[in-house]
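A.B. asks: Below is the sequence, then the predicted model.
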Amino acid sequence: MWQALTVHYSYGGNWTALFCTGALFKAPPPALQSEKIYLFPNSFGYDGQLYHYIAHDPLFTRGFSTSVDTPRYRYRRILVPGMAFLLALGQDRAIDAAYIFVVAGFIFLGAYWLSRMAVLAGHSAAFGLLFGAVPAVLVSVDRLTVDVALAACCVGFALYVREQSPYKLYAVLLTAALARETGLLLIAAYVIYLLGKRRFRNAMVFSTAAVPAGCWYIFVQLHTAAADPGLVSLALLTGFIHRVLHPYPYAFFAAIAALASSLDLLALAGISGAMVWVFYRGFRRAWTPVTVAIYLFAILMAVLSKGDAWSEVYAFGRTLTPLLLLSALDGRLPDRCFRSSPCWRWIRGSDCRWEVRFSTSHAASSIDASHRSCPKLVTVNFPCFTPLAAISRSAIFRISPAFPFKTITSRQ
């Protein structure tokens, strides 16, 4: 809906404006002149324009790679452009619509998986709508980048790990590696987790999820020139620190520029919060597939060099979405760390009423008059953590030493 309104009122109904093609960038391929691509004046555009060209020429057969800044780097992210090409059956007139449909499909898939996660955690399925607030999703909606696919795969990864669905998990990992090269970190995380659990055969099987991506990378290597985007630096956290100390120079009025810079700092604070959570989980020696994944994405954040990756909030927001998203999914405090705190007792401290029915476990002849075989109802009040947590300290525990009778409990 937002895209339709924006295209109608801001770009005169030209849907190619969503790819954010800049007039100062390389000229669009001549074969796409019939599309009448919307050009933003005095702008170099954004990444969506590059994946637009890739979707029209995914196999290097039409020479569109000359309109891409770093073909070897961009063509690795073939999932969204490739799916658009296949969905449109290679027809130029249908590829743009197919591309938008694929992006919308990954948004729906991510929201669906997140709602499943919420239900498993005992929350409302409506929490799945929060997927629309994920940085990579917002950028993909606005400028049709491919990062939404990896964001959805991160949620699918967490879901199928929890559900222990190996086939679905394998499919998600295979897809993530083709969405972005950083998707390989999900495969590495799960393989490392399995190795830590000494499940070597499973680790070997899941490592093969990287094979399709590896084959595609080799194909791209053979058809493109060498390129080094220079996104990694061994000087840890230099990109993050440089971004904090050197705000983006917004070309707005002073008040608006100050507000935008403040929101950038808030976004950087969110990344800092995710890093604090990573260190906390590491200190607790947490070892799950999701925690191993956030460890690896935290390392990625630390080695990202200053430059394009940190240039503005759209750049680092979508690049580090897996770190933020997986930290949020992992961020539910462990039961033992929180449920024993006074805060939890204050939040959930309403007493639970337990009915305890006593029935004899002995023969009727051995029961005296004070302990008839008919059930006796006793009401016990006890602070409610959860049924499973309270059951061990319920009336069963307190009364069974005094009375040698079986008990049946039910929460009222």
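C.D. replies: Thanks, I have the structure now.
A.B. asks: mind checking the end-to-end distance for stretch 18-38?
C.D. replies: Terminal residues of stretch 18-38 are spaced 9 Å apart (Cα to Cα, to the nearest Å).
A.B. asks: Could you find the closest non-adjacent residue to residue 292?
C.D. replies: Excluding its sequence neighbours, the residue lying closest to residue 292 (Cβ to Cβ, 6 or more residues apart in numbering) is residue 189, at 4.3 Å. No exception for glycine: its C-beta is placed from N, CA and C like everyone else's.
A.B. asks: buried stuff in the helix or strand containing the one you found?
C.D. replies: Using DSSP states H and E, residue 189 sits in helix 184-196. Across helix 184-196, burial judged by 16 or more other Cβ atoms under 10 Å covers 184-194.
A.B. asks: likewise stretch 243-253?
C.D. replies: 243-244, 247-248.
A.B. asks: which pair in the residues you listed spans the largest distance?
C.D. replies: 244 and 248 (11.3 Å; Cβ to Cβ).
A.B. asks: Go through the buried residues of stretch 243-253 and name the one nearest residue 310.
C.D. replies: residue 243 (4.1 Å).
A.B. asks: Now the closest one: which helix or strand?
C.D. replies: Assessed by DSSP H and E, residue 243 sits inside helix 238-245.
A.B. asks: from the middle of its chain, how far away would the following helix or strand past that helix be?
C.D. replies: Next along the chain after helix 238-245, taking DSSP H and E as the criterion, comes helix 254-283. Its chain's C-alpha centre and that of helix 254-283 lie 18 Å apart, by Cα atoms, centre = their mean, to the nearest Å.
A.B. asks: so what does the helix or strand harbouring residue 292 touch, helix or strand wise?
C.D. replies: Here residue 292, judged by DSSP H and E, is contained in helix 289-303. With contacts defined as 3 or more Cβ pairs under 8 Å, 6 or more residues apart in numbering; DSSP states H and E, helix 289-303 has these neighbours: helix 147-163, helix 184-196, helix 254-283, helix 321-330.
A.B. asks: how far does it sit from the chain's center?
C.D. replies: Distance, stretch centre to chain centre, for helix 289-303: 13 Å (Cα atoms, centre = their mean).
A.B. asks: residues of that helix that come out buried?
C.D. replies: Buried-residue list, helix 289-303, by 16+ other Cβ under 10 Å: 289-298, 300-303.
A.B. asks: still on that earlier bit, now do the helix holding residue 243 and helix 289-303, the angle between them.
C.D. replies: Interaxial angle of helix 238-245 relative to helix 289-303 (axes from the mean of the first three to the mean of the last three Cα atoms, to 10 degrees): 70 degrees.
A.B. asks: Name the residues that touch helix 238-245?
C.D. replies: Outside helix 238-245, the residues that touch it by Cβ atoms under 8 Å, 6 or more residues apart in numbering are 233, 265, 268, 271, 301-302, 304-307, 309-310, 316.
A.B. asks: Can you check what angle separates it from helix 254-283?
C.D. replies: Using the same axes, to 10 degrees: helix 238-245 against helix 254-283 is 140 degrees.
A.B. asks: for the record, mean pLDDT for helix 238-245?
C.D. replies: For helix 238-245, the mean pLDDT works out to 90.
A.B. asks: Run the chain-centre distance for it.
C.D. replies: The chain centroid and the centroid of helix 238-245 are separated by 24 Å under Cα atoms, centre = their mean.
A.B. asks: All further residue positions should be reported with the first residue as 11.
C.D. replies: Sure thing, new numbering starts at 11, so read that last one as helix 248-255.
A.B. asks: Can I get it as PDB, trimmed to CA atoms?
C.D. replies: What follows is helix 248-255, C-alpha atoms only, in PDB (Å, rounded to 0.1, in the frame of the first residue of the first chain):
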ATOM      1  CA  THR A 248      37.100   1.100  13.800                       C
ATOM      2  CA  GLY A 249      34.100   1.400  11.500                       C
ATOM      3  CA  PHE A 250      31.700   1.700  14.500                       C
ATOM      4  CA  ILE A 251      33.800   4.200  16.300                       C
ATOM      5  CA  HIS A 252      34.300   6.300  13.200                       C
ATOM      6  CA  ARG A 253      30.600   6.300  12.600                       C
ATOM      7  CA  VAL A 254      29.900   7.500  16.100                       C
ATOM      8  CA  LEU A 255      32.500  10.300  16.000                       C
END
